[in-house]
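1. Need the 3D shape of this:
(one chain, ligands or ions: 2)
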Amino acid sequence: QEKLLEIKDLKKHFKLDRNSTLKAVDGITFDIYKGETFGLVGESGCGKSTAGRTIMRLYEATAGEVDFNGENVHTKKTKRELKKFNRDMQMIFQDPYASLNPRMTVKDIIAEGIDIHGLAKSKQERLDRVNELLKTVGLSEEHGNRYPHEFSGGQRQRIGIARALAVDPEFIVADEPISALDVSIQAQVVNLLQRLQKEHGLTYLFIAHDLSMVKHISDRVGVMYLGNMAEIATSDDLYAEPLHPYTQALLSAIPISDPEVERSRERIIVEGDVPSPVNPPSGCRFRTRCPFATDICAEVVPEFQEYEKDHWVACHLYNDKYNDAFEGKKALV
Ligand code: SF4
Ligand code: MG
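-> Ligands and ions are numbered 1, 2, ... in the order given. Next up is the predicted model:
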């Protein structure tokens with residue numbers, strides 16, 4: 001698999017005041033392959049949006065590295081290099097309403113990138129491109145002359161997608177693009193994104209708070225917890241054989257329609273809220289909510305290791321070194 005992005009020990013901290021720092025993203029490492037959809041999942045506040053924004057340079061990284069086509073996006077860039085990155089990496093937002101300028105016509109919203117990057121030689125070419133994009137996302141030419149408030153949530157998301165697509169990007173960060181939409185509309189937008197991926201050879205980082213949302217669209221999935229990566233696997237492996245107790249808990253929260261499977265399933269329920277990323281727990285950050293936690297979990301930060309081929313997990317349960325510490329508990333996993 002060819003890598004489009006290599007994210008290496010990436011950190012994004014926000015200084016709140018003199019004594020406290022919000023460690024939104026605190027050292028995550030993973031690759032995104034060309035043409036794939038990488039689903040990034042976690043509860044709100046786990047750092048997934050911040051990770052997406054830092055990867056595409058909307059935020060400056062506190063530490064670590066993001067390589068895009070082999071080039072570190074966070075090193076100093078010339079204006080021209082920055083422009084190139086801005087074209088190659090686009091974002092689709094959760095709230096299409098907030099991200100569309102209410103005073104601009106849809107036509108001009110979509111054409112913004114075309115103008116900035118000089119992608120049309122004439123007014124006519126610009127209009128042709130916009131009309132083509134409107135058609136691509138399932139809207140009509142006539143929609144171009146209207147304003148964002150005249151559209152439904154699903155249509156606004158289509159406008160946001162057309163805007164991202166206008167500059168012919170290689171990589172799109174979709175930050176909860178369907179979370180705010182009616183369930184009946186969600187599948188339509190997902191289908192549109194999948195069709196566009198095929199037609200334009202796009203690579204997606206698809207952010208969601210719910211594993212069921214990324215299941216069908218993702219080739220691989222990463223599960224974040226409190227600024228760290230808990231587990232990464234192919235979509236199939238993650239759902240069939242989740243390793244991290246947090247992933248297991250997220251999955252047991254999804255109802256299964258097959259009663260046979262439902263009955264045989266061990267339920268893992270996690271209680272309480274995600275602790276504050278300003279003062280994360282020592283050792284494993286999940287230990288305050290983990291049903292398997294033992295002394296070692298408070299003392300040692302679990303290493304992110306490749307437990308099986310292409311299946312990464314950060315949990316002492318899968319480290320032979322700590323077998324004794326989990327005596328008796330391990331049978332449950
Ligand atoms: Fe639970 Fe310990 Fe594994 Fe963390 S390292 S997930 S606390 S068992
Ligand atoms: Mg978010």
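2. any idea where the strands of the chain begin and end?
-> In the chain, the strands defined using DSSP state E lie at 3-15, 21-33, 37-41, 63-68, 71-72, 89-92, 171-175, 203-208, 220-225, 228-234, 305-308, 311-313.
3. Would you mind listing what in the stretch 101-250 of the chain touches ligand 1?
-> Residues of the stretch 101-250 of the chain found near ligand 1 (CB under 6 Å from any ligand atom) are P245. Every residue, glycine included, has its C-beta placed from N, CA and C.
4. In the stretch 101-250 of the chain, which residue sits closest to ligand 1?
-> P245 (4.6 Å; CB to the nearest ligand atom).
5. So for P275, what's the pLDDT?
-> Looking at P275, its pLDDT stands at 88.
6. again with L119
-> pLDDT, L119: 95.
7. if we can go back for a sec, look at the residue of the stretch 101-250 of the chain closest to ligand 1 and report its pLDDT.
-> pLDDT at P245 comes out at 95.
8. ok, now the one 5 residues further on?
-> Note on L250: pLDDT of 91.
9. burial of it, as a residue count?
-> By other CB atoms under 10 Å, 25 other residues sit near L250.
10. repeat for the one 3 residues further on
-> If you count neighbours by other CB under 10 Å, A253 ends up with 14.
11. Over to G154?
-> Count around G154 with other CB under 10 Å applied: 19.
12. Might one say that it is in contact with P177?
-> No: in this structure, G154 is not within contact of P177 by CB atoms under 8 Å, at 10.6 Å.
13. List the residues that contact E299.
-> E299 sits next to 282-283 when contact means CB atoms under 8 Å, 6 or more residues apart in numbering.
14. Please determine how far it is located from ligand 1.
-> According to CB to the nearest ligand atom, to the nearest Å, E299 and ligand 1 sit 10 Å apart.
15. Scan the chain for its longest helix.
-> Assignment by DSSP state H gives helix 183-200 as the longest helix of the chain.
16. Export only the CA atoms of that one, formatted as PDB.
-> Extracted as PDB, the C-alpha positions of helix 183-200 are listed here (Å, rounded to 0.1, in the frame of the first residue of the first chain):
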ATOM      1  CA  VAL A 183     -30.700   9.500   9.500                       C
ATOM      2  CA  SER A 184     -32.600   9.300   6.200                       C
ATOM      3  CA  ILE A 185     -30.200  11.800   4.700                       C
ATOM      4  CA  GLN A 186     -27.000  10.300   6.100                       C
ATOM      5  CA  ALA A 187     -26.800   7.400   3.700                       C
ATOM      6  CA  GLN A 188     -27.200   9.700   0.700                       C
ATOM      7  CA  VAL A 189     -24.300  11.800   1.700                       C
ATOM      8  CA  VAL A 190     -22.200   8.700   2.500                       C
ATOM      9  CA  ASN A 191     -23.000   7.300  -0.900                       C
ATOM     10  CA  LEU A 192     -22.100  10.600  -2.600                       C
ATOM     11  CA  LEU A 193     -18.800  10.700  -0.800                       C
ATOM     12  CA  GLN A 194     -18.000   7.100  -1.800                       C
ATOM     13  CA  ARG A 195     -18.900   7.700  -5.400                       C
ATOM     14  CA  LEU A 196     -16.700  10.800  -5.500                       C
ATOM     15  CA  GLN A 197     -13.900   8.900  -3.900                       C
ATOM     16  CA  LYS A 198     -13.900   6.400  -6.800                       C
ATOM     17  CA  GLU A 199     -14.400   9.000  -9.500                       C
ATOM     18  CA  HIS A 200     -11.700  11.300  -8.300                       C
END
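17. coming back round to it: number of nearby residues for the residue of the stretch 101-250 of the chain closest to ligand 1?
-> By the criterion of other CB under 10 Å, P245 has 25 neighbours.
18. Ok, V173 next?
-> Neighbourhood size, V173 [other CB under 10 Å]: 26.
19. Wait, it touches M89, no?
-> Yes: in terms of CB under 8 Å, V173 counts as a neighbour of M89; the distance is 7.1 Å.
20. who does the most centrally placed residue in the chain bridge with?
-> Centroid-nearest residue in the chain: I207, 2.8 Å away (criterion: CA atoms, centre = their mean). Under DSSP bridges, the beta-bridge partners of I207 are L40, D175.
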